[in-house]
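**Student:** How does the following fold in three dimensions:
(one chain, ligands or ions: 1)
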Amino acid sequence: MSAKIIGIGTALPEKIVTNHDLSNLMDTNDEWITSRTGIKQRHFVTNQNTSDLATIAAKQAISDAKLSPQDIDVIIVCTFTPDNFTPSVASMVQKNLGLTHNMMAFDVNGACSGFLIGLEIALGLLNTHKNCLLIGAEVISKMLDFTDRSTAILFGDGAGAVVLTADKSREFNIINRAYPDIDSVLYANGINGDNEKQTIKMNGSEVFRFAVKALSEGIQAMDYESCDLIIPHQANSRIISNVSRSLKIPIEKFYMNLDQVGNTSAASIVIALKQAITEGKLKPKDKVLCVGFGAGLTMGSALFEL
Ligand code: ACO
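**Tutor:** Now for the predicted structure:
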């Protein structure tokens, strides 16, 4: 599949919540969170929803691509924290961008692998559509149970967007896999079963084990030695250093910004990609390997040239 990322944008809410701030809400501390996860702070919304963050990132990506919103033919929003069950966040972004021309807009729920699942769908759609706006956006803070200290410390809010266009000079290798979560190690409840507040629940050590295996598989499925930088899903620096050690890939080859933003699920890889480009760690024509894992359980991996 051939395509090129021609624009990229991100949105992070203004409010920064440090580990110290969390220690005022629950029995935790900066030392524990930093040493077990690598996370120092995350961003939480105050009065925004997922569609608001998605729209800001979308506008930035379209402007970076030097296009106008009218040039977009498809909007895909990857999220497990939509404003509403319907309309989709993608339809809300379409409305916010004032788009009324013939186009497609829909959401993908692939949790933390969402962006890579959306990417594979977008690449397929580029056979029949010109420009695809692919967004990962999450407001996870509204789903956190602040009495569950091992889960609440991990997540943050944010959005990242790319504009993709068909381009024969840029090859994408991409895979996505799904494995049933037989023991329900990672889930967020919906409308069935009970009237509990919707929260994320997780068996941390089982998810950790799955994450190391999934990231390793995803990296090994690609020609990883040819890439300039690996952008893994930003869940936990210990997961990433474990993979680095077991595959004997130097840790410097893995980009990490989770210390500043935490785990932003479907937005995580795009936010990291944009930051790596901004910091000059990636430049045009560099090869990047994006790899993620998430609820489902799922794993995705993509190797492509910028
Ligand atoms: N502060 C202080 N102590 C804590 C905290 C906290 N925030 N959380 C747990 N502890 C305590 C536990 O109660 C336990 O205490 P005990 O020994 O007295 O019982 C001790 O710390 C050790 O707890 P563990 O759960 O064994 O800690 P672990 O080293 O496994 O780290 C963690 C937990 C960080 C959750 C880790 O398992 C992890 O990162 N797992 C992967 C999670 C992940 O990546 N999730 C994202 C999923 S992606 C998606 O699709 C949504």
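
**Student:** hey, C-alpha coordinates of the longest helix anywhere in the chain in PDB?
**Tutor:** Across the chain, the longest stretch assigned as helix under DSSP state H is helix 204-220. The C-alpha trace of helix 204-220 is given here as PDB (Å, rounded to 0.1, in the frame of the first residue of the first chain):
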ATOM      1  CA  GLY A 204      -1.900  -4.600  35.300                       C
ATOM      2  CA  SER A 205       0.600  -7.500  35.400                       C
ATOM      3  CA  GLU A 206      -1.300  -9.500  32.700                       C
ATOM      4  CA  VAL A 207      -1.500  -6.400  30.500                       C
ATOM      5  CA  PHE A 208       2.200  -5.800  31.000                       C
ATOM      6  CA  ARG A 209       3.000  -9.400  29.900                       C
ATOM      7  CA  PHE A 210       0.800  -9.100  26.800                       C
ATOM      8  CA  ALA A 211       2.200  -5.700  26.000                       C
ATOM      9  CA  VAL A 212       5.800  -7.000  25.900                       C
ATOM     10  CA  LYS A 213       4.900 -10.000  23.800                       C
ATOM     11  CA  ALA A 214       2.700  -7.900  21.400                       C
ATOM     12  CA  LEU A 215       5.200  -5.100  20.900                       C
ATOM     13  CA  SER A 216       8.000  -7.700  20.300                       C
ATOM     14  CA  GLU A 217       5.900  -9.500  17.700                       C
ATOM     15  CA  GLY A 218       4.900  -6.300  16.000                       C
ATOM     16  CA  ILE A 219       8.500  -5.100  15.700                       C
ATOM     17  CA  GLN A 220       9.800  -8.500  14.500                       C
END
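
**Student:** and for the very next helix or strand once past it, what are the contacting residues?
**Tutor:** With elements assigned by DSSP states H and E, the helix or strand that comes after helix 204-220 is strand 229-232. Contacts to strand 229-232, defined as CB atoms under 8 Å, 6 or more residues apart in numbering, come from residues 215, 219, 224, 239-240, 243, 249, 253-256, 269, 272-273, 276, 281-282, 286, 288-292. For the C-beta atoms, the positions are set from N, CA and C on the backbone; glycine is no exception.
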